[in-house]
Structure formats: C-alpha cells, structure tokens
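Colleague: What follows is a predicted protein model with its sequence.
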Amino acid sequence: MRDGRLSANLLDWYDRHARDLPWRVPPDARRRGVMPDPYAVWLSEIMLQQTTVAAVKGYFHRFLARWPDVTALARAEDGAVMGEWAGLGYYARARNLLKCARVVADDLGGVFPDTLDGLRALPGIGPYTAAAIAAIAFDRPECVVDGNVERVMARLFRIETPLPAAKPEIRSRAEALTPRARPGDHAQAVMDLGATICTPKSPACGLCPWRGSCAALAAGVQSDLPARAPKKPKPVRHGIAYLGRREDGAWLVERRPERGLLGGMLGWPGGDWGEMPQEVPPVNADWRDPGVEVRHTFTHFHLRLGLRIATLPQDIQPKTGEFVTLHPGDLPTVMRKAHDLAKAALDADASG
DNA sequence: GAGTCGTGGAA
DNA sequence: TTTCCAAGACT
C-alpha cells in the first residue's frame, strides 16, 4: 500500500525547495533535532485556516510579540485578542483561539497535547489542524488533509469524483503516502507542493517531483482537477450603519453578539441586513447621508451598506452601544471601510 | 450533508 | 467587474 518511492521523492524535493516561513523549522534544522514551539505551530495553523500565507505573516508576528506563550495569551482580555485579529476574517477562530489557550493554560499546565485525540478535543482544532500540529510539532505520523492535499491527490491519482464526495478516497490515498519517518516534513512538503507547484491554476508540472507518476498530467487533465460541485450564487443584502462621532472625538460603537457574523467584534449600530435596508438609528440626532455606500462581499452574500453620519453632543445618551476612543485597526474590514468614508465626510463637514 | 463564517490577491 | 479560492471548524 505505502509508496515509499513517492514519499522519498517528495522529501528530497522539500529538502531543496522548502519555503522559509516564520513559524517553520527548516528541514536541515529538523534533521539536527530542532523542533518548533507547539504554541507557534498551533497559532500559525489556526491563522492559516482558509487564509493565505501572505495575509497571515503580519498577524503571526504581532500575536507572538504581544503574547509570546500560551499562558500570556490565556491572560489576555477578549477585546484585545479580537482587536488584534481584526481584518484577518473568520472571527470564530479568534474566539476559539482564546478558549483553547485558556484550557491549555488552566487545565493542561500550559502544555499542548501531543496526540491527535488530545488536540482534536480543543476548541477550534478540527481534523486537519489536529493532524498538522501532531505531525509538525511532535513528528507523529498523522495524515494531514487540507485543500492542498485534496488538489494534489486528485491530480496524482486522477480522481474525477467531485468534491466533497471524493474526500474519503482522497484521505485513503493521502494516508497511504504518509511515511513513518519525517512525518512533519512530509506534511509540510505536500502543502508546499500544492502551494508552489501543484497550484489551482496553471500548475508548474515541469518542476514537480511527482511529474513521472501523475495520472492527471499523463492524461492532460491536471487543470480540470479537482472537480467541485457547482456553487450557489451569492444574494445581495442591504443595510444601514450609523456612524456617530461625539464632540470629543469618541465614536458610538457596539460589541456584536458572540455568535454569528462578525461575532464578538466591534461594529456600527444599525438594523439587520436583509432584502431591504432598515432605518434604526441608535439615538435621535441629525443623521446625514454622505451619499456613498460600502460594498463588501462575504463568504455567502454581497453587502451594500448605506451610511448615516452625525456629530453628537457631548452629553448625549444613546439607546444602544457605547462611546470609545476608536482604533480603526480594531474593526473588521467592512466596519473599517465604513469608518474611513464617514471620517472623511465628517472631517469635511467640520472644516467646511 | 449542507450552510455559516471574512478577506484580499490573482486572473 | 466578477469569480475563484487559501494550511477548515462548527452546527
């Protein structure tokens, strides 16, 4: 079953072409026995879920500088972690990151589990991430199956079944390729291969260590795999955000509910987003339409967000939300877009 | 199994 | 401009 030749080819390629990443211990150092900090591996893997390496790098450095170990992160305030995560997306990851850190710090003595089951039981750690941490941080022979692995296996073995139906076969193929020796490097090698050679569009098959074994390449269908089930069109939702700035410069914001879209993040008051925009001002004031709207696309819908802006008197008592000295970088992107437009309009009002 | 949950870069 | 989709998890 196990194909030692393919595995050896891949590890040889990885020894020469491994990407240099801030959370990674390069293959030559691992050979000398150097292992990565499990905290750094965990942090990077959570950030990398559905997120590009380029987007993650800055966040990884800032988190590690601010919270150097899991105990420090566990002691952080919720709002500080959510603010530091702002802009990276999928904010349930940040909420679970903090939950996980507190379990590890409070119940596990600050030590990450080194087994698949132990890791899998922690908040925010699913099948992929548990296998990745076990393999990369602890060199356990676990099989990682992420989007890269799915694409590489679908091509290498010419699996024509569309995703997600093909997942069982893909996992079976990937497990058969996972070696007992250097499983951590193997896991990182398959993902590097998928990220740099076996890319979604126009793969660089001429540079691939598996070009001689790839069934899709032999048939010339590599760019058509993996096949995917057709996706549904995104509806358009409409909303209105109220951006009120008090005379002292504080902004009226509200903390969004823990569950759901942008859960736990700061946002602007306003009604729900739906077929029709809802006029729900958080306080009676001279709200003005700046004449511009925010357009933003989420995973499953397009948003057109109308704006209302006002300068609010110092002693005003809002029906909802609170006034804060705002750091725009603490806002999720859609809210920061609204802030930037509103600030420009309000500043123009003040100077004109 | 299917829906929810962000963002930005590339084509 | 629009679509695709990137180291998925949770419900």
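Modeller: Thanks, I have it. The structure presented is a predicted model; accordingly, all values stated were derived computationally and were not measured.
Colleague: Compute the first-to-last residue distance for stretch A:46-54.
Modeller: 14 Å (C-alpha to C-alpha, to the nearest Å).
Colleague: Sorry, slip of the keys, the one I care about is stretch A:263-273.
Modeller: End residues of stretch A:263-273 are separated by 15 Å (C-alpha to C-alpha).
Colleague: Report the contact partners of the closest residue to DNA strand B within the stretch 1-150 of chain A.
Modeller: Residue nearest to DNA strand B within the stretch 1-150 of chain A: A:G89 (2.6 Å; C-beta to the nearest atom of the strand). Backbone N, C-alpha and C define where each C-beta goes, glycine included. The contact partners of A:G89, by C-beta atoms under 8 Å, 6 or more residues apart in numbering, come to A:Q50, A:T51, A:P332, A:T333.
Colleague: From those, which land in helices?
Modeller: Secondary structure defined by DSSP state H assigns A:T333 of the contacts of A:G89 to helices.
Colleague: out of the contacts of A:G89, who's nearest A:L97?
Modeller: A:T51 (13.0 Å; C-beta to C-beta).
Colleague: picking that back up, could you flag which of the contacts of A:G89 are buried?
Modeller: The neighbour-count test (16 or more other C-beta atoms under 10 Å) marks A:P332 as buried among the contacts of A:G89.
Colleague: Which one of the contacts of A:G89 is nearest to DNA strand C?
Modeller: A:Q50 (4.2 Å).
Colleague: The closest residue to that closest one other than its chain neighbours: helix or strand, and which one exactly?
Modeller: Closest residue to A:Q50 apart from its sequence neighbours, by C-beta to C-beta, 6 or more residues apart in numbering: A:Y90 at 6.3 Å. Per DSSP states H and E: A:Y90 is located in neither a helix nor a strand.
Colleague: separation between the closest residue to A:P318 other than its chain neighbours and A:T325?
Modeller: Setting aside the residues directly before and after it, A:P318 is nearest to A:V283 in space (C-beta to C-beta, 6+ apart), at 4.3 Å. Distance from A:V283 to A:T325, counting by C-beta to C-beta, to the nearest Å: 19 Å.
Colleague: Equivalent analysis for A:G126, please.
Modeller: From A:G126 to A:T325 the distance is 37 Å (C-beta to C-beta).
Colleague: Contact residues of the stretch 1-150 of chain A facing DNA strand B?
Modeller: A:Q50, A:T51, A:T52, A:A54, A:A55, A:G87, A:L88, A:G89, A:Y90, A:Y91, A:A92 (C-beta under 7 Å from any atom of the strand).
Colleague: Below-threshold pLDDT in chain A: ranges please.
Modeller: A:1-2, A:352 (pLDDT under 70).
Colleague: mind listing the strands in it by residue range?
Modeller: Under the criterion DSSP state E, chain A carries strands at the ranges A:236-246, A:251-255, A:266-267, A:293-297, A:302-312, A:322-324.
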